[in-house]
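Chemist: Structure for the following, please:
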Amino acid sequence: MKPLDPRLLQHASAARRFVVLAAAVAVVTAGLVIVQAQLLAEGITRAFLDSAGLAEVTPLLAVLLTVVAGRGALTWLGEVAAHRASTDVIRQLRARLLTHSLRLGPRHRGLPPTGELATLATRGLDGLEGYFSRYLPTLLVAAVVPAVVACRILFADVLSGVIVGLTVPLIPIFMILVGLHTERSTRRQWRALAVLGHHFLDLVAGLDVLVAFGRAPHQSSRLRTLATQYRQATMQTLRVAFLSALVLELLATLSVALIAVSVGLRLVTGSLDLSTGLIVLILAPEVYLPLRAVGARFHDSAEGLAAASEVFSVLETPASASAGRVPAPNPARVPIRLEHVAVDGRAGRILGAEAGGMNILLAPGTVLGVRGPSGGGKSTLIDLLLGLRTPDEGRVLVGGVDLTEIDRDAWLRRIAWVPQHPTLLRGTVADNIRLGRPYATVELVAAAADAAALDIPLDTPIGEDGNGLSTGQQRRVALARALLVDRPLMLLDEPTEGVDADTEAAIIRALPHIALGRTVVLVSHRPGVLAVCDQLLTIESAVAATPRDQPPAETAAPSAPRAPLPTFRPTLPVRTATRSAAGALRWSLAAARGQRRRLAMAALLGALALGCGVALTATSAWLISTAALQPPVLTLMVAIVAVRAFGLGKGVLRYAERLVSHDAALRAGADLRERIWQALVRLGPAATARLRRGELLARLVGDVDAQQDMLIRVVVPAASIATVGVATAVGIALLLPAGGVVVASGLLLAGVVAPAVTVWAAHRTERLSAETRGDVLSRTVELLQAAPDLLAFNAADRYRGGLEDADRRLSTLLRRAATARGVGGGIGV
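Modeler: Numbers count the residues shown, from 1 in each chain. Below is the predicted model:
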């Protein structure tokens, strides 16, 4: 993707508003940077050369503080706008992705597997938060501030302006070259994460089987392998991204050093005054700083942009399956015909392999039995009749009208479906029976349950994916669900599988009554079930269905009136509490116990890099102030060399620190993911059934990444900053006690007070947002996994509406948290 992909602006209106606001903030910031440099240069010149007292420079200091406060306010505004924009964009894209995925249908070949799609709609889109909150604002500042500041430098000193003009164009060239390589490696990283999420959902779905056969512990090695592949793909991306930051930092440092040496030498000869030299030296880093920040933060956006690209691929897939607008005929009154139908799968043709394809004539009011070996295409035939899949060859005709020309939603309202593997939703037995008829009375629900031989209380709670019920009970709930909607075409896919002999006999006795006035397609291996059918189709021969007896006279069954759709019943979030900030920090350190040496090395490298930065600033200040007194040039040579050495050391050490810290965090994440799976195995299926799969996916992917971020963005930087900050304050205090107090106060304000204010202001909001985020993730996974059942019973819009309501609540909470984070950022300036 491009740094600012037009598709992002097209699909998310919040992105357009934010770009305009961020550009305006960047322009005002550029003006304040120039004013701040002018005031600093004037104040230092008066105090150093003219020996001005505090009273004389007080007006300048007051204006300077006002400018700094203005920059702090702009920082707050920018952070608030960025986090709000990211929240709105993620919500808009998630809604568009899920809506379009449902419109395509769960069997569409353009869609990734359900687990990957769920990861994309949750963790993948959440990666855009870094893009909007860190990368895009920096990119817009880099597009405005360097140009404005460079013009001011050129106006003040032509030679320095020329140096800037010659070196700045090199930075975008390096960024483009590195970005092209990073995009490819980022796609590999995203694919590794998607496969990891999909595999984990498969493991959770089959946990009871794995535990029963003693294979669950053996899956730890496979999960470890996938986590290691994700770590390796991520490190491959980060090496390139961090290398770009190193190149940019070295280029910027050497350019500023060249300008500093030029200014210093001209100060010695008297051809440049101190005020102008200070303006140039204060502004020169401001030219390169935004460009360096873009390179340093590019990896913050890379994963989110890669996921967004996958989202756009889905959104740009044409929704041909639901393009028809012809009213749906009544299948109890008109025949259904399959003409020369063939369906291809990934491993070859799965239906209609014989010459001429499959040909079936299903007369109205007929009960068609379908038999054949497993994998022969029986369920594919059901998908064709549902309209969830279109044939690769031939066509499906309903009353002479091609099914692709019929409105899909209207057609599905004609069908009652019992899938081979029904998906039951979290709630009660009655809630699931009412899926397609949510306002049905208790008496109607009980009658449907009796007809399906369902002998459990209607208020029995059901976990996600039917947890709490046996396979046979789940199938009977699905049968009762189909009976309640009372539709003219009934598709029964193995309705008696997994039930005992008495229940099977009861269902067989009820089948003639169930089929009365309807057209029925019944897939089964049971001879007793197939005995009630009017026609039989053996799927492996794929010949035209031949009548067993004369079909009964055509009878029309009225379609049930469509019930109004109620709102989604909210479920209680799994996470009822969150850890305090200190508790979360202790937990992160405990989780990374095996990586303490790497983390300590990263903190040491970070401290050395910061130390080089402090030494660079101190040496540069001494160089310029001494040069203003016009001493012999030889007295400046050591300082000139030191400036370059500290500049190079800062970049190299920072690169090493980033690699070591990220590698340690990713290794800790791989260990944590394996421990999560082992904990699930120890708890067993009965305990994990209380947790929703979206919640489990969030813990494996999102929460583990959050712990990694805690190590990278909090633990290592805090240790490095504390070490260098204390050393700097002590060193300055030894030279000038008052200066040491000022430095210590500034460090305390920026390093302790600002984060503390942010944590305090955002504590309650962050706790609520964590719970709501888990609810959004769980609803997303549930919606995608149950999509076939929800679409078939016209409940997808209702459940998607519940998800969108939860997403809006999450957006509101994240907006409040953004305001709190902005306060801390403003104080830090």
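Chemist: Tell me where the chain has strands.
Modeler: 336-345, 348-351, 358-362, 367-371, 393-398, 401-402, 415-418, 427-428, 461-462, 489-493, 519-523, 535-538, 546-547 (DSSP state E).
Chemist: for the first one, which positions count as buried?
Modeler: Applying a neighbour-count criterion of 16 or more other C-beta atoms under 10 Å, the buried positions in strand 336-345 are 336, 337, 338, 339, 341, 342, 343. Where you see a C-beta, it was placed from the backbone N, CA and C, and this is true even at glycine.
Chemist: Each with direction, which strands does it pair with?
Modeler: Strand 336-345 has its sheet partners listed here by DSSP bridges as strand 348-351 (antiparallel), strand 358-362 (antiparallel), strand 393-398 (antiparallel).
Chemist: Out of those, the one nearest residue 739 is which?
Modeler: Proximity to residue 739 (C-beta to C-beta) singles out strand 348-351 among those, at 78.5 Å.
Chemist: for the closest one, what is the average pLDDT?
Modeler: Summarised as a single mean, pLDDT over strand 348-351 is 67.
Chemist: quick revisit: nearest to residue 326 among the strands paired with strand 336-345 would be which one?
Modeler: Comparing the strands paired with strand 336-345 by their distance to residue 326 (C-beta to C-beta), the top pick is strand 393-398, with 9.4 Å.
Chemist: Any idea how far that closest one is from the middle of the chain?
Modeler: On the basis of C-alpha atoms, centre = their mean, to the nearest Å, strand 393-398 sits 39 Å off its chain's mean C-alpha point.
Chemist: for stretch 62-72, same thing?
Modeler: Centre-to-centre, stretch 62-72 and its host chain are 37 Å apart (C-alpha atoms, centre = their mean).
Chemist: remind me which residues of the stretch 601-750 of the chain are low pLDDT?
Modeler: 683-706 (pLDDT under 70).
Chemist: switch the cut-off to 90
Modeler: For the stretch 601-750 of the chain, the stretches with pLDDT under 90 are 613-652, 654-655, 658-659, 661-750.
Chemist: could you pull out the helices for it?
Modeler: Under the criterion DSSP state H, counting those that start in this stretch, the stretch 601-750 of the chain carries helices at the ranges 637-688, 693-697, 704-710, 716-735, 737-748.
Chemist: The stretch 401-550 of the chain too?
Modeler: Using DSSP H, counting those that start in this stretch, the helices of the stretch 401-550 of the chain run over 408-412, 429-433, 442-451, 471-485, 501-515, 527-530.
Chemist: Then the stretch 201-350 of the chain?
Modeler: Using DSSP H, counting those that start in this stretch, helices in the stretch 201-350 of the chain cover 207-212, 219-269, 274-296, 298-315.
Chemist: which residues does residue 596 contact?
Modeler: Residue 596 sits next to no residue when contact means C-beta atoms under 8 Å, 6 or more residues apart in numbering.
Chemist: State the pLDDT value of it.
Modeler: 82.
Chemist: what does the one 3 residues further on give?
Modeler: Residue 599 carries a pLDDT score of 87 in this model.
Chemist: show me what contacts the spatially closest residue to it that is not a sequence neighbour?
Modeler: Leaving aside its sequence neighbours, residue 599 sits nearest to residue 664 (C-beta to C-beta, 6 or more residues apart in numbering; 5.1 Å). Residue 664 makes contact with 592, 595, 598, 599, 602, 711 under the criterion C-beta under 8 Å, 6+ apart.
Chemist: what does residue 421 give?
Modeler: Under the criterion of C-beta under 8 Å, 6+ apart, residue 421 has no neighbours.
Chemist: how near is it to residue 789?
Modeler: 10 Å (C-beta to C-beta, to the nearest Å).
Chemist: Indicate which one of the strands of the chain is closest to residue 94.
Modeler: Minimum separation from residue 94 across these (C-beta to C-beta) falls at strand 427-428, 23.0 Å.
Chemist: for that closest one, packing partners?
Modeler: Counting contacts by 3 or more C-beta pairs under 8 Å, 6 or more residues apart in numbering; DSSP states H and E, strand 427-428 packs against strand 461-462.
Chemist: Run me through the strand neighbours of the strand it packs on, direction for each.
Modeler: Its sheet considered, strand 461-462 pairs with strand 427-428 (antiparallel) by DSSP bridges.
Chemist: so for stretch 449-462, what's the average pLDDT?
Modeler: 89.
Chemist: Pick the most buried one from the helices of the stretch 401-550 of the chain.
Modeler: Mean neighbour count (mean count of other C-beta atoms under 10 Å) peaks for helix 471-485 among the helices of the stretch 401-550 of the chain, with a mean of 25.
Chemist: Between strand 489-493 and that one, find me the angle.
Modeler: Put simply, helix 471-485 runs at 180 degrees to strand 489-493, going by axes from the mean of the first three to the mean of the last three C-alpha atoms, to 10 degrees.
Chemist: Return the list of helices and strands in contact with helix 471-485.
Modeler: Secondary elements touching helix 471-485 (3+ C-beta pairs under 8 Å, 6+ apart): strand 415-418, helix 429-433, helix 442-451, strand 489-493, helix 501-515.
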